[in-house]
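Novice: Structural data only, the sequence is not supplied:
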């Protein structure tokens, strides 16, 4: 729901982002999400990408999911809502929605993991960053969400029996 988002990023669709049907090529939605999350972090007061890189403590994308409801088109004015919905020990789950006016076009979820890029391995998200998000968001952030960085594999379906081999057709003269 659009009102759940405390942060919105505006973007006008450029012709270079469109395919021959004048709709946004599907791959561009991840770029829209990435730019919107960067601006969200700036608005919240989280460390910039440059300061993260210099400190060796960075967020890296782990998983991205996109659901397309309707296409965005050339010259549309898009409103991209960003919300940090859940914080695990070292993971952050963002929920994003792209609107044209009040019409939902695309919804997505991106999961990032906070990592020590020098030594390798995940790090706990600092309390100062958690507090900044809590104070910014309109909707309560789920904290220490279990297993937000992976999806369990579905159970294997039973293997169907092999069908009988049909008789070979023979050529007649």
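Specialist: Here it is on my side, so go on. Fair warning: this is a prediction, and the values are worked out from it, not measured in the lab. Residues are numbered from 1 along each chain as shown.
Novice: Which positions within the lengthiest helix in the chain qualify as buried?
Specialist: In the chain, taking DSSP state H as the definition, the longest helix is helix 28-44. Across helix 28-44, burial judged by 16 or more other C-beta atoms under 10 Å covers 28, 29, 32, 33, 36, 37, 39, 40, 41, 44. Any C-beta I mention is one placed from the backbone N, CA and C, and that applies to glycine too.
Novice: Please pull up the helix or strand immediately following it.
Specialist: Per DSSP states H and E, the first helix or strand lying C-terminal to helix 28-44 is helix 49-55.
Novice: Surely residue 16 forms part of a strand?
Specialist: No - according to DSSP: H, G, I helix; E, B strand; the rest coil, residue 16 belongs to no strand; its state is helix.
Novice: can I get the buried residues of helix 28-44 in TSV with pLDDT and distance to residue 62?
Specialist: Formatted as TSV, these follow (pLDDT from 0 to 100; distance: C-beta to C-beta, whole Å):
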residue	pLDDT	distance to residue 62
28	97	21
29	97	18
32	98	19
33	98	14
36	98	18
37	97	13
39	97	21
40	97	17
41	96	16
44	96	20
